[in-house]
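Undergrad: Mind folding the following:
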Amino acid sequence: MGIEIRVIHGSILDVEADAIGNAANSRGIMGGGVAGVIKRAAGPEVEQEAMRQAPIAVGQAVLTSGGRTRFSGIIHAPTMPAPAMRIPPENVAQATRAALHLAEERGFHCIALPGLGTGVGEVPHAEAARLMIQEIQTFAKSRISALLRTVLLVDLNANMVQAWRAQLLHCGRGPRPAGPPPEPTNRDRAVVDFGPATPVHSGEAMGILTGSAHVPPVSP
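TA: Numbering: from 1, shown residues only. Okay, the predicted model is just below:
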């Protein structure tokens with residue numbers, strides 16, 4: 001069964017989801033970047049919960065409460081062993097994989113993930129987008145149950161958002177050639193349809209860019 005992917009240009013704290021993902025480190029410390037934003041909104045107790053479960057290896061993920069946010073939980077998926085480390089791109093794939101499996105295990109229907117590894121980790125946006133969406137495809141193919149139905153890819157960085165969009169538009173078409181992506185074809189629109197901007201919450205005029213795609217399982 002496939003998974004719906006929605007790309008949102010905005011704050012991960014403003015989306016409607018059961019749980020959100022945090023680009024963590026193995027120590028559970030929530031310092032700068034998205035982790036810092038989540039910590040300020042959720043409260044220091046969330047960081048303390050994560051640190052009590054440390055060390056969290058890259059390729060694993062832990063769940064904490066949502067703290068003062070409205071989310072049922074926060075999934076901490078490390079991309080690096082310690083804060084402020086440059087990382088290999090494979091860490092993005094491992095963190096995405098771990099977050100998806102934990103979300104399914106805990107019965108979440110919808111989770112939101114930020115761009116992973118593109119800050120201090122210095123993974124290029126296009127590479128991070130390719131790896132994250134590839135992991136979602138692989139997960140959709142291999143899972144036994146189908147509890148997780150929607151993955152929101154959310155970031156304030158326009159380059160990350162554009163990289164996700166480009167990857168979705170060319171999903172299943174093989175490696176994307178160098179240079180700017182070609183204009184969408186009818187086949188592209190069958191994969192993903194980016195409609196007009198819509199607010200995350202009813203009545204909230206955020207003017208965000210949204211889009212969705214039903215990503216089928218990868219063929220064997």
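
Undergrad: For the protein, which segments count as strands?
TA: 3-9, 19-25, 62-64, 73-80, 110-113, 150-155, 192-193, 210-215 (DSSP state E).

Undergrad: so who does residue 161 touch?
TA: The neighbourhood of residue 161, defined by C-beta atoms under 8 Å, 6 or more residues apart in numbering, consists of 7, 8, 9, 153, 155, 209. Quick note: C-beta positions are derived from backbone N, CA and C, even for glycine.

Undergrad: Looking at it now. What's its pLDDT?
TA: Residue 161 carries a pLDDT value of 97.

Undergrad: How about residue 64?
TA: 98.

Undergrad: now it: how far from residue 51?
TA: Separation of residue 64 from residue 51 (C-beta to C-beta, to the nearest Å): 10 Å.

Undergrad: just residue 34 next, same as before
TA: Counting by C-beta to C-beta, the gap from residue 34 to residue 51 is 17 Å.

Undergrad: Could you dump the strands of the chain into CSV and include mean neighbour count?
TA: Shown next, in CSV, are these (neighbours: other C-beta atoms under 10 Å):
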stretch, mean neighbour count
strand 3-9, 22
strand 19-25, 28
strand 62-64, 21
strand 73-80, 26
strand 110-113, 24
strand 150-155, 25
strand 192-193, 16
strand 210-215, 19
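
Undergrad: ranges for the helices of the protein?
TA: 33-42, 44-52, 90-105, 125-142, 158-169, 186-191 (DSSP state H).

Undergrad: tell me the most buried of those helices?
TA: Highest mean neighbour count of those: helix 90-105, a mean of 23 (counted as mean count of other C-beta atoms under 10 Å).

Undergrad: pLDDT averaged over that one - what is it?
TA: For helix 90-105, the per-residue pLDDT averages 98.

Undergrad: can you give me the angle that helix makes with strand 150-155?
TA: On the basis of axes from the mean of the first three to the mean of the last three C-alpha atoms, to 10 degrees, helix 90-105 is oriented at 140 degrees to strand 150-155.

Undergrad: So, low pLDDT: which residues of the protein?
TA: The model of the chain has pLDDT under 70 over residues 1, 172-220.

Undergrad: can the helices of the chain go into a markdown table with extra columns for distance to residue 117?
TA: Below are these laid out as a markdown table (distance: least, C-beta to C-beta, whole Å):
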| stretch | distance to residue 117 |
| --- | --- |
| helix 33-42 | 11 |
| helix 44-52 | 18 |
| helix 90-105 | 4 |
| helix 125-142 | 5 |
| helix 158-169 | 11 |
| helix 186-191 | 25 |
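
Undergrad: Indicate which one of these is closest to residue 58.
TA: helix 90-105 (5.4 Å; C-beta to C-beta).
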